[in-house]
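Engineer: fold the following.
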Amino acid sequence: MTKANLQLLSLNQITTENWSLSEAIQGCARHDIHWISIWRHKLEKIGVKEARKLLTEYGVQVSSLCRGGMFPAATERERQQRIDDNKRAIEDAKTLGTDVLVLVCGPAPDKNIKQARHWVEAGIEAILPYAEELGVKLGIEPLHPMYAADRSVINTLGQANALTECLQSDHLGVVADAFHIWWDPELEQQIARAKGKLLGFHVSDWKVPMRDMFKGRAMMGDGVIDLRAMRGMVEEAGYHGPIEVEIINQEIWDQPGDDVLHQMKQCYQAHV
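Structural biologist: Purely as a prediction, here's the structure:
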């Protein structure tokens, strides 16, 4: 299988967490990386208008905005606040020029994981009309089951596919993150099931042993995931968009950002 197209490489901003958004955009321009995925906590520091100005100035496009979601909450008022926040995220995605808002769906506020999954469905249903109105697509990103307690109760691509099939919208799809789904015995069939609904493909690696549940992602090629085979699956299912490198790892964060981008490009070409 041929190497991934370098023109589709996208820096998911969390990979260079110690950089500001301005620094990340300029870093992409220096390293001839044409895409960036922006995180909202970085966006808030400079504002969406300034971010849009910098993106235009440096010729960098936005592959996605991360993140919306976090729908479950203990009270109706909190759940409504989260719906309102997701609507603001949809607006920001529109202004930034991306048509994908990534949804990290959120954990249960108590031990009732079944109820939390119902709240996720209700939350997505509540914001879908606004996403459709603004032309922004919502990408449900299932997270590895080890994050079910604190980050998301949507833990398999099968669950995410079921939600898209239930809610039936051209503006709702799924995001395939290799770190979260590589282990799934149904991986190939669930990626095929998502045909026409794949809104993103994220890559990193699963290194053994993993010393930190949250900051355990590794650079491509340092772990056990067959990333090139997975890319073949998503391409077969019709996805040919940007490929985001999303690495949450303190050791990588502590390195100079330019060194990280240089290594990222090399590993992307060698392993994706």
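
Engineer: who are the neighbours in contact with Lys137?
Structural biologist: 99-101, 131, 170-173, 199 (CB atoms under 8 Å, 6 or more residues apart in numbering). Heads up, the C-betas are built off the backbone N, CA and C, glycines and all.

Engineer: again with Gly216
Structural biologist: 206-207, 210, 248-249.

Engineer: which residues of the stretch 1-150 of the chain fall in strands?
Structural biologist: 9-12, 35-39, 61-69, 100-104, 137-140 (DSSP state E, counting those that start in this stretch).

Engineer: off-centre distance for the last one?
Structural biologist: Meaning strand 137-140. Its chain's C-alpha centre lies 9 Å from the corresponding centre of strand 137-140 when counted by CA atoms, centre = their mean, to the nearest Å.

Engineer: partner strands of it and their direction?
Structural biologist: When sheet partners are counted by DSSP bridges, strand 137-140 sits next to strand 100-104 (parallel), strand 172-177 (parallel).

Engineer: what does the third one give?
Structural biologist: On the basis of DSSP bridges, the sheet neighbours of strand 61-69 come out as strand 35-39 (parallel), strand 100-104 (parallel).

Engineer: could I get the buried residue list for it?
Structural biologist: Of all the residues in strand 61-69, those buried under the rule 16 or more other CB atoms under 10 Å are 62-69.

Engineer: how about stretch 217-228?
Structural biologist: Residues of stretch 217-228 classed as buried under the neighbour-count rule (16+ other CB under 10 Å) are 217-223, 225, 227-228.

Engineer: next, the distance between the ends of that stretch.
Structural biologist: 17 Å (CA to CA, to the nearest Å).

Engineer: and it, what's its mean pLDDT?
Structural biologist: Mean pLDDT, stretch 217-228: 98.

Engineer: and the residue lying closest to Leu157 once chain neighbours are set aside, how many neighbours?
Structural biologist: The shortest distance from Leu157 to any non-neighbouring residue, by CB to CB, 6 or more residues apart in numbering, is to Gln190 (4.0 Å). Counted with other CB atoms under 10 Å, residues neighbouring Gln190 total 22.

Engineer: check Gln190 and give its pLDDT.
Structural biologist: The model's pLDDT for Gln190 equals 98.

Engineer: looking at this, it is in a helix?
Structural biologist: Yes. Under DSSP: H, G, I helix; E, B strand; the rest coil, Gln190 falls within a helix.

Engineer: list the contacts for it?
Structural biologist: 156-158, 161, 181, 184.

Engineer: now for the helix or strand harbouring Asp259, which elements pack on it?
Structural biologist: Using DSSP states H and E, Asp259 maps to helix 257-271. If you count contacts as 3 or more CB pairs under 8 Å, 6 or more residues apart in numbering; DSSP states H and E, helix 257-271 packs onto strand 9-12, helix 21-30, strand 243-245.
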